[in-house]
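J.: What follows is a predicted protein model with its sequence.
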Protein chains: 2
Amino acid sequence: MSRAWSLVRRPTGLPTAGNFELIDLPAVPLKEGEFRVRNTWLSVDPYMRARMEEIKYAPCFQIGEPMYGSAVGEVIETRNAAFKVGDRVYHSEGWREEAIVDPSLGAKEGVAPFVLPDLGVEEQVWLHNLGIPGGTGYFALFRTAGAKAGDIMFVSAAAGAVGSAVVQMGKARGMTVIGSAGGPEKCAFVKSLGADAVIDYKAGPVLESLREAAPEGIDVYFDNVAGDHLDAALACARPHARFAMCGMIGVYNENQPLELRNSRRIIQARIRLEGMYFGEFADELPVFYEDMGGMIARGEVRSVETVSEGIETMPEAFIGLFSGRNTGKMLVKL
Amino acid sequence: MSRAWSLVRRPTGLPTAGNFELIDLPAVPLKEGEFRVRNTWLSVDPYMRARMEEIKYAPCFQIGEPMYGSAVGEVIETRNAAFKVGDRVYHSEGWREEAIVDPSLGAKEGVAPFVLPDLGVEEQVWLHNLGIPGGTGYFALFRTAGAKAGDIMFVSAAAGAVGSAVVQMGKARGMTVIGSAGGPEKCAFVKSLGADAVIDYKAGPVLESLREAAPEGIDVYFDNVAGDHLDAALACARPHARFAMCGMIGVYNENQPLELRNSRRIIQARIRLEGMYFGEFADELPVFYEDMGGMIARGEVRSVETVSEGIETMPEAFIGLFSGRNTGKMLVKL
């Protein structure tokens, strides 16, 4: 028997334990082409908050159905020749103990199921630096924002899963990196990743801190939070600055509008802001695996994890993303 | 003797008559290379509001100095062989009766002084459809937003100088065009320009009207006002919609922040927003003159003007831009 987390009602603000229910999945025999996985690691990611709402142009969780997301585990039963019993696999049927995976459904959540290649990394790294957070950072930084050596790059939520990868990639590729994080411990962590300057957004207004950290302004802003950070980045943007809009932790959970005092700088400095969604870069995943794999192998990008143990802890781990409980990638270990 | 408008204090909100002073310019002899113009038409444009503040990365008006901007007039004295007495010229020393122009200073305000070519248009057209408003519309629509045939394009302030050109160019190039304007008369005017649908933003919430006018969403938003229009455009944007950010009449004059309730759609629909400044397209002006000249000659883009007579009326004409006094291009005739 397998248990799974299901959405019982859609949140209007911050999700709470009452939005989730642990249900028993019926025992279902495999169909031709499917395989069964005992999950070992489950991913919780801020973008899943968006999946909890009914939104246009992107999939969303259905009430009463199991939730889903990235997971790794071991194949325990199979009717698919490409996935053998004992294989360690990546797939997108997370939020549950055991999953039935049908590879013919393709790239659900942006990545089709695959057997983990041997890159000499721990298997859970496929849920962060080699997974959606690392890939989001990679494609948003180098494609959406077109960041390059010499750029002054500002990244918010720099102690998080995406942010910590972005800080390290920025340094590996010759940028000046300014990260923001909440509290002295997280700031010290971001600094330890190689950031040239770190802003503690809990210690004072982001705008003042950013002006001090980047007196010459910024060329790239990697946005994970919107809110005050976005407003400060607008104020400090140099001409033709590029903003990769990757997350809005600051507005996902509030029914408050986003307030921007410096919006006119979009015109004054000819800033480009662009939203990005990892799933649209599916065709370029091989480039990412090779490039990121190299950065990991050379020690330029290292793994940082916050681990929550047991499926019962999963909603709590997820909710913790929005209060900054995690340093690096938040994972649930089964 | 020549009179000129000077900035006496910087406005904090809407400009008022008290921000301006009509001063006498000293009689100065021409230097080698200069010429003197008796201005016949002066331009007032919303972007000049931004020049009234001290801003980074863009020129601004200096307190006590004559203001400036696009103008056309007749050469009455010259020490430059390329500009002969009697020539009709375009230059950027507006906001005054007579101007000394030094072509060696180059493209002040984005366009270097030139003798008006004979395109069979009235000379003041060089201040709108063939000038900065038309050029802003042209480059923002086709370059910044990359608008093309088949796109559903929404343009705010569609009865204004830039907007009326954008509506007509959109129709000439095979787009579905939705314009917004304030009040039934302006809406009827936008409709007469060929718009497929027109929203009266004074008659109800922009978002509801836009949803009705564009049930399938929009591909391009040409932003002249920010505010509610931008928020509605975010809500209705289709995947990979492109927003050309060209003006913020709605925020230039308020110390209110811009409030966006639909900012998360930037990510959900992978929207690209980009600020544009006409002056950066100076190298491409010949393409614009040819392309726009053709649209004018074929009757696809026609001239619409609101004319204010006499230099004394200039601040009032300028201030009127922000209360929607003009239909089409607001001009001051001397």
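T.: Nice, I can see it. If you're wondering where the values come from, they're calculated on a predicted model, not measured in any experiment.

J.: Please give me every residue in contact with the closest residue to A:Glu54 other than its chain neighbours.
T.: The spatial neighbour of A:Glu54 that comes closest, neighbours along the chain excluded (CB to CB, 6 or more residues apart in numbering or on different chains), is A:Cys60 at 5.5 Å. In short, each C-beta sits where N, CA and C put it, glycine included. Each residue near A:Cys60 by CB atoms under 8 Å, 6 or more residues apart in numbering or on different chains is listed here: A:50-54.

J.: Among those, which ones are in helices?
T.: A:50-51 (DSSP state H).

J.: Buried subset of the contacts of A:Cys60 as a ChimeraX selection?
T.: This is the ChimeraX syntax for the buried subset of the contacts of A:Cys60, where burial follows 16 or more other CB atoms under 10 Å in any protein chain shown:
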select /A:50,51,52
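
J.: so which of the contacts of A:Cys60 comes closest to B:Leu119?
T.: A:Ala50 (51.7 Å; CB to CB).

J.: before we move on, back to that, now pLDDT too, for the contacts of A:Cys60, in TSV please.
T.: Listed next are the contacts of A:Cys60 as TSV, based on pLDDT from 0 to 100:
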residue	pLDDT
A:Ala50	83
A:Arg51	89
A:Met52	92
A:Glu53	88
A:Glu54	82
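
J.: for the contacts of A:Cys60, which one is nearest chain B?
T.: A:Ala50 (6.8 Å; CB to the nearest CB).

J.: quick one: that closest one and B:Ala269 touch, right?
T.: No. The criterion here is CB atoms under 8 Å, and A:Ala50 misses it with B:Ala269 at 11.8 Å.

J.: on that earlier part again, same list (the contacts of A:Cys60) but as JSON lines, adding distance to A:Leu273.
T.: Converted to JSON lines, these look like this (distance: CB to CB, whole Å):
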{"residue": "A:Ala50", "distance to A:Leu273": "18"}
{"residue": "A:Arg51", "distance to A:Leu273": "23"}
{"residue": "A:Met52", "distance to A:Leu273": "25"}
{"residue": "A:Glu53", "distance to A:Leu273": "22"}
{"residue": "A:Glu54", "distance to A:Leu273": "25"}
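
J.: how about the closest residue to A:Ala149 other than its chain neighbours, secondary structure?
T.: Ranked by CB to CB, 6+ apart and with sequence neighbours excluded, the top spatial neighbour of A:Ala149 is A:Gly174, at 3.2 Å. Here A:Gly174 is recorded as coil under DSSP: H, G, I helix; E, B strand; the rest coil.

J.: got a list of what A:Gly174 touches?
T.: Contacts of A:Gly174 by CB under 8 Å, 6+ apart are A:148-150.

J.: so how far is chain B from the spatially most central residue of chain A?
T.: For chain A, the residue nearest the mean C-alpha position is A:Pro133 (3.4 Å; CA atoms, centre = their mean). Using CB to the nearest CB, to the nearest Å, we find A:Pro133 at a distance of 15 Å from chain B.

J.: so that residue makes contact with A:Ala157?
T.: No. Counting by CB under 8 Å, A:Pro133 does not reach A:Ala157; the two are 10.8 Å apart.

J.: and stretch A:213-228, anywhere near chain B?
T.: Yes. For a cut-off given as CB under 8 Å from any CB of the partner chain, stretch A:213-228 has contacts with chain B, namely A:Ala226.

J.: Kindly report the same for stretch A:195-206.
T.: No. Using CB under 8 Å from any CB, stretch A:195-206 stays clear of chain B, coming no nearer than 14.3 Å.

J.: mind listing what's buried in that stretch?
T.: A:195-201, A:206.

J.: I'd like those residues laid out as CSV, including secondary structure and distance to B:Glu97.
T.: CSV is the format used below for the buried residues of stretch A:195-206 (DSSP: H, G, I helix; E, B strand; the rest coil; distance: CB to CB, whole Å):
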residue, secondary structure, distance to B:Glu97
A:Ala195, coil, 57
A:Asp196, coil, 54
A:Ala197, strand, 53
A:Val198, strand, 57
A:Ile199, strand, 52
A:Asp200, strand, 57
A:Tyr201, coil, 54
A:Val206, helix, 48
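
J.: Can you tell me which of these comes closest to A:Met292?
T.: For these, the nearest to A:Met292 is A:Ala195 (18.9 Å; CB to CB).

J.: Leaving out chain neighbours, which residue sits closest to that closest one?
T.: Using CB to CB, 6+ apart, the nearest residue to A:Ala195 is A:Gly179, at 4.4 Å.

J.: Just grab the bridge partners of A:Met330 for me.
T.: A:Thr306 (DSSP bridges).

J.: I'd like to know how far it sits from A:Met248.
T.: 18 Å (CB to CB, to the nearest Å).

J.: Name the residue in the two with the higher neighbour count.
T.: Remark: of A:Met330 and A:Met248, A:Met248 carries more neighbours, 27 against 24, as counted by other CB atoms under 10 Å in any protein chain shown.

J.: Those residues of the stretch 151-300 of chain A touching chain B, which are they?
T.: A:226, A:238-239, A:245-248, A:251-252, A:257-261, A:263-277, A:280.

J.: so what are the domain limits for chain A?
T.: A:2-127+A:304-333, A:132-278 (automatic domain parsing).

J.: Please dump the ones you listed into JSON lines; it should also carry distance to B:Phe322 for every row.
T.: Shown next, in JSON lines, are the domains of chain A (distance: least, CB to CB, whole Å):
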{"stretch": "domain A:2-127+A:304-333", "distance to B:Phe322": "34"}
{"stretch": "domain A:132-278", "distance to B:Phe322": "14"}
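
J.: hey, which of the ones you listed is tucked in deepest?
T.: Each of the domains of chain A was scored by mean neighbour count; the highest is domain A:132-278, a mean of 23, by mean count of other CB atoms under 10 Å in any protein chain shown.

J.: mind checking the SS state of A:Glu212?
T.: Here A:Glu212 is recorded as helix under three-state DSSP.

J.: residues in contact with the nearest residue to A:Val115 once chain neighbours are set aside?
T.: Leaving out its chain neighbours, the residue that sits closest to A:Val115 by CB to CB, 6+ apart is A:Asp87, at 4.8 Å. Contacts for A:Asp87 (CB under 8 Å, 6+ apart) come out as A:74-75, A:115-116.

J.: Is it correct that A:Met292 falls within a helix?
T.: Yes. According to three-state DSSP, A:Met292 belongs to a helix.

J.: which among the contacts of A:Gly174 gets closest to B:Ala214?
T.: Using CB to CB, A:Lys148 comes nearest to B:Ala214 of the contacts of A:Gly174, at 37.1 Å.

J.: Below-threshold pLDDT in the stretch 151-300 of chain A: ranges please.
T.: Scanning the stretch 151-300 of chain A for pLDDT under 70 picks out the ranges A:249-255.

J.: now the strands: where do they sit in it?
T.: For the stretch 151-300 of chain A, the strands defined by DSSP state E, counting those that start in this stretch occupy A:152-155, A:176-181, A:197-200, A:218-223, A:237-245, A:258-260, A:272-275.

J.: Turn those strands into JSON lines, including distance to A:Pro103.
T.: JSON lines is the format used below for the strands of the stretch 151-300 of chain A (distance: least, CB to CB, whole Å):
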{"stretch": "strand A:152-155", "distance to A:Pro103": "34"}
{"stretch": "strand A:176-181", "distance to A:Pro103": "38"}
{"stretch": "strand A:197-200", "distance to A:Pro103": "42"}
{"stretch": "strand A:218-223", "distance to A:Pro103": "33"}
{"stretch": "strand A:237-245", "distance to A:Pro103": "31"}
{"stretch": "strand A:258-260", "distance to A:Pro103": "39"}
{"stretch": "strand A:272-275", "distance to A:Pro103": "29"}
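
J.: between those strands, which gets nearest to B:Ala81?
T.: So among the strands of the stretch 151-300 of chain A, strand A:237-245 is nearest, using CB to CB, at 36.1 Å.

J.: helices or strands up against that closest one?
T.: strand A:218-223, helix A:227-236, strand A:272-275 (3 or more CB pairs under 8 Å, 6 or more residues apart in numbering or on different chains; DSSP states H and E).

J.: Just the angle for it relative to strand A:218-223, thanks.
T.: If you take axes from the mean of the first three to the mean of the last three CA atoms, to 10 degrees, strand A:237-245 sits at 20 degrees to strand A:218-223.
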